[in-house]
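Engineer: Build me a model:
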Amino acid sequence: MKKSKEPTLEDFLTDIEGLLKDFKKIQEGKEIDENFIEEMDKRNIKFNKKYKDFLPEDNLDSKK
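Structural biologist: Next comes the predicted model:
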């Protein structure tokens, strides 16, 4: 059986958990330095590329 290349719900939840940990560090003001910010930016870019087909294209908060 061929494995699907599409991310699973488990993949998505794991990736979201990693992003939330980053945001928690920012909120608490812990271990924030240039290196942390660069790594967080890389994780955000990777997340956006991985899930670009599954995320809404439009800003859902904006009024048309």
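Engineer: can you pull out the helices in this protein?
Structural biologist: For the chain, helices defined by DSSP state H occupy the ranges 9-28, 34-50.
Engineer: Show the low-confidence segments of the protein, by residue range.
Structural biologist: Residue ranges of the chain with pLDDT under 70: 1-4, 58-64.
Engineer: With adjacent residues omitted, what lies nearest to D22?
Structural biologist: Distances taken as C-beta to C-beta, 6 or more residues apart in numbering put M40 closest to D22, at 4.7 Å, once the chain neighbours are dropped. For the C-beta atoms, the positions are set from N, CA and C on the backbone; glycine is no exception.
Engineer: coming back round to it: would you list the helices of the chain in JSON lines and tack on distance to P56?
Structural biologist: JSON lines is the format used below for those (distance: least, C-beta to C-beta, whole Å):
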{"stretch": "helix 9-28", "distance to P56": "14"}
{"stretch": "helix 34-50", "distance to P56": "12"}
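Engineer: and the gap between the residue nearest to D11 when sequence neighbours are not counted and R43?
Structural biologist: Nearest non-adjacent residue to D11, counting by C-beta to C-beta, 6+ apart: K50, 8.0 Å away. Separation of K50 from R43 (C-beta to C-beta, to the nearest Å): 10 Å.
Engineer: repeat for K21
Structural biologist: 10 Å.
Engineer: out of those two, which sits in the more crowded spot?
Structural biologist: R43 (15 against 12; other C-beta atoms under 10 Å).
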